[in-house]
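Undergrad: Quick one, structure for this:
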Amino acid sequence: MIRRRHNLRSARLAAMAFAVWALFCAGVVPVATADADSFAAMKISRSPAVMEAPVFRLKTLDGQEIDSSSLRGKVVVLNFWATWCGPCKEEMPALERLRRSFDQNQVALLAVTIDLQRAGIRAFMKQLDLTFPVLLDEDRDVSAMFLVRGLPTTVLIGRDGTLIGRAVGPRAWDSPQSVALVKDLLK
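TA: Got it, this is the predicted structure:
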């Protein structure tokens, strides 16, 4: 019962955050920031207001539990994907190169999957030589909290735990613009 109440509360908070993002995307809520150009270049919707990212706990493919609150102090790149998603397959190597560009003590790249076939996920990760943690969202609770409607979806979370931006669809995460964007978020 407590878990259900927590999930309902998280879903309501996420819905409010989504509503603010929808207003922003419709041009109702303007955003004036110095780094708006880097978000525009990457076609990333920037969060127009200070909103806490939903807190979650998921297990990795190896059974380790990750609590998102333990990532405070790091920029978090949270990618939602699946092995059967063609655009996800295309962007995964770029995410790995982005991860290797930064100190893991400053930037955390986490891949959240709704796939249920662990052997298939392991084979996929090995085939592409991916080393970042894969979190299993088997009940799709975390995907719901972040209002993931399409794959891939990537959410950027600031060092202070606030939502920074959201990208739906694949991106060239290893491009100079992406690397510069993450560097700006570290400042």
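
Undergrad: which SS state does the residue nearest to residue 77 when sequence neighbours are not counted fall under?
TA: Spatial nearest neighbour of residue 77, chain neighbours left out: residue 109 (4.6 Å); criterion: Cβ to Cβ, 6 or more residues apart in numbering. (C-beta placed from N, C-alpha, C; glycine too.) What DSSP: H, G, I helix; E, B strand; the rest coil gives for residue 109 is strand.

Undergrad: pretty sure residue 109 is touching residue 97, no?
TA: No. Assessed by Cβ atoms under 8 Å, residue 109 is found out of contact with residue 97, at 10.4 Å.

Undergrad: any residues in contact with both of the two?
TA: Overlap of the contact sets of residue 109 and residue 97 (by Cβ atoms under 8 Å, 6 or more residues apart in numbering) is empty.

Undergrad: picking that back up, who are the neighbours in contact with the residue nearest to residue 77?
TA: 76, 77, 79, 95, 98, 99, 132.

Undergrad: From residue 73, how far off is it?
TA: Separation of residue 109 from residue 73 (Cβ to Cβ, to the nearest Å): 15 Å.

Undergrad: Could you do residue 144 as well?
TA: Distance from residue 144 to residue 73, by Cβ to Cβ: 26 Å.
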